[in-house]
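Asker: Sharing a model prediction with you, sequence too.
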Amino acid sequence: MGFIDIFKALGRKTIPVNASGISPEEWAKLEQMASELSYRKLAFMAAVNLIANAVSRCDVKIFENGKETKNNAWYLYNVQPNQNQSAAEFWKILIKKLYTDNEALIVPVRTGGILIADSFSRDEYAVRPDRFSGVDARGLTLSGGFPADEVFYWTLGDESAKRVVDAIYTSYGNLIAYGIRMQQQSRGRRGVLTVDAQMTANPNFNKNFEERKNNQFKDFMSKDTAILPIFNGERYEELGSQKMSADAQTTRDIRAVVDDIISFTAIAFGIPPSLLLVDKLEISQHFEHFMSFCVNPLCEALANELTRKTFSRTAIINGSRVRFDTSRVRHVDVLHSSEAIEKLISSSAFSVDEVREFTGKEATGEAWSKKHFRTKNFEDATTVNNEQITDNSQTGVT
C-alpha cells in the first residue's frame with residue numbers, strides 16, 4: 001500500500017493503528033521528525049525568494065513634478081540604503097521580513113541612510129500618527145521612537161501567508177507521519193512461537209518468556225543478521241514480511257505529496273505552482289500571471305508608502321511619486337526580441353536608450369539615442385498626402 005492509498009484509507013478509517021514492537025516514545029519522536037521535515041521551510045522560502053528576487057530586480061524611479069529625477073532618495077533605493085547593504089540585498093530582506101512577520105518597518109538613521117527594523121512595537125492612535133518604539137535594527141537599539149510619518153511601514157493584512165501555509169503543513173505533517181508508520185508496519189517481520197504446554201507449567205515461564213521477548217526476539221527482529229535460539233518444546237514459524245507491492249511506487253507517492261505542498265504554498269502567495277515546480281518548462285503565461293497578481297500589486301503597495309511619506313500632498317498632485325519599474329524582472333533575449341525592439345523604436349513609443357535599458361544594456365547617453373523615431377509607416381490619421389486635413393468630413397473621421 002502506497003502513501004496515497006494510506007491517506008485515502010485514513011479518511012475511511014479502515015487501517016488499524018498497531019505500533020507493536022515500537023515504544024510510544026519512539027513513535028512520538030518519529031511523528032515530530034516528520035512534522036518538522038525540511039519541506040516546510042523549503043516550500044515557504046522558495047515562494048518568498050521568488051518574490052524577493054523579482055522585487056530586487058526592479059528599478060525604483062523617482063518623479064518630481066512629473067519628471068524623472070535622480071536624487072538622494074533614488075540613491076538609497078537603488079544603490080546603497082546604508083553603509084552595510086546594497087539595494088538588492090536590502091529589498092530581499094525587506095520582502096522576506098514582510099512575508100515572515102506579516103509586517104515590515106524601515107527607519108531613518110542619523111548617517112542619512114535607512115535600516116530595516118528587526119523588532120519593534122507599534123502604538124496605534126485614531127486621530128494622530130501611530131508611534132513606533134523599541135526599534136532594533138542590525139543589533140542597534142534606536143532610542144526615542146519614531147512617529148508614523150517619519151518611517152515606512154507595510155503589512156500584508158490580518159492573516160499572514162505564513163500562518164496560512166503553516167496550517168497546511170501541520171495537516172500534511174500528520175499525514176506523512178501516519179504514512180511512515182504504516183509503511184514501516186508493512187515492512188515489519190512477523191512470526192509465531194509455539195510452546196508446549198509442559199513448558200508453561202514452569203512457575204518461572206512468564207518471567208523467562210518476557211526476558212527472551214525483550215532481548216533475544218527484539219534483536220532477532222531488528223537486526224539484519226541475528227540468531228534466535230530455539231529450545232526443546234518450542235517451534236518458531238516465520239510469517240514473512242509484508243513487502244510493499246512493486247506497483248505502489250512509494251517514492252512517487254511521497255513526491256506527489258511534496259508537490260501538493262508546494263502547489264498549495266504557491267497558491268497562498270499568488271504564485272502559479274508551475275513556477276515553483278521547476279520541472280515545468282512552459283512557464284511564459286504563468287510568469288505573466290505571477291507578475292500581474294503577485295509582484296505588481298506588492299510593488300504598488302511599496303511605492304505608495306514611499307510616495308506618501310516622501311512627498312507632500314501638493315507635490316504628489318503635481319506628479320511627484322515613487323514607482324517600481326518591474327519591466328526588468330524578466331530577462332529579455334535581444335536576439336529573440338529583435339522584431340519587437342524594432343517596433344518599439346519605429347513606432348516612437350520608446351527611444352533607443354530606453355529600449356537599451358529595458359533589455360539590460362547601458363544607455364549610450366548620446367543626443368540621437370534619446371530622440372524618438374518614427375517610420376513613414378506611421379502618420380497622423382488626419383494627414384493625407386503630407387497635407388494636414390482640417391475638415392474631418394473629407395476623411396471620414398468623426
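Answerer: Good, I have the coordinates. Residues are numbered from 1 along each chain as shown.

Asker: what about the residue nearest to residue 84 when sequence neighbours are not counted, neighbour count?
Answerer: Leaving aside its sequence neighbours, residue 84 sits nearest to residue 138 (Cβ to Cβ, 6 or more residues apart in numbering; 7.1 Å). Any C-beta I mention is one placed from the backbone N, CA and C, and that applies to glycine too. The local packing of residue 138 (other Cβ atoms under 10 Å) involves 12 other residues.

Asker: phi, psi of residue 138?
Answerer: Here is the backbone geometry of residue 138 (degrees, to the nearest 10): phi 50, psi 40.

Asker: Now do it against residue 109, distance only.
Answerer: 10 Å (Cβ to Cβ, to the nearest Å).

Asker: Please enumerate the shared neighbours of those two.
Answerer: Common neighbours of residue 138 and residue 109, using Cβ atoms under 8 Å, 6 or more residues apart in numbering, are residue 115.

Asker: Looks to me like residue 52 is in a helix.
Answerer: Yes. With DSSP: H, G, I helix; E, B strand; the rest coil as the criterion, residue 52 is assigned to a helix.

Asker: That one and residue 92: what is the separation?
Answerer: For residue 52, the distance to residue 92 - Cβ to Cβ - is 4 Å.

Asker: repeat for residue 85
Answerer: Residue 85 is 10 Å from residue 92, by Cβ to Cβ.

Asker: Residue 106 too?
Answerer: Using Cβ to Cβ, one gets 14 Å for the distance from residue 106 to residue 92.

Asker: Of these two, which one has the most company?
Answerer: Just comparing residue 106 and residue 92: by other Cβ under 10 Å the higher neighbour count belongs to residue 106, 22 against 19.

Asker: May I have the strands that pair with the helix or strand that contains the more buried one, each with its orientation?
Answerer: Using DSSP states H and E, residue 106 sits in strand 103-108. Strands that pair with strand 103-108, judged by DSSP bridges, come out as strand 114-116 (antiparallel), strand 152-155 (antiparallel).

Asker: next one: stretch 125-137 to chain centre, how far?
Answerer: The chain centre lies 29 Å from the centre of stretch 125-137; the measure is Cα atoms, centre = their mean, to the nearest Å.

Asker: Identify the residues contacting that stretch?
Answerer: Residues contacting stretch 125-137 (Cβ under 8 Å, 6+ apart): 105, 107, 115-124, 141-142, 145-149, 151, 153.

Asker: neighbours of the closest residue to residue 95 other than its chain neighbours, just the number please.
Answerer: Leaving aside its sequence neighbours, residue 95 sits nearest to residue 52 (Cβ to Cβ, 6+ apart; 3.9 Å). By the measure other Cβ under 10 Å, the count of residues near residue 52 is 22.

Asker: For residue 52, give me its contacts.
Answerer: 91, 92, 95, 96.

Asker: how about the second one, secondary structure?
Answerer: On the three-state scheme (three-state DSSP), residue 92 is labelled helix.
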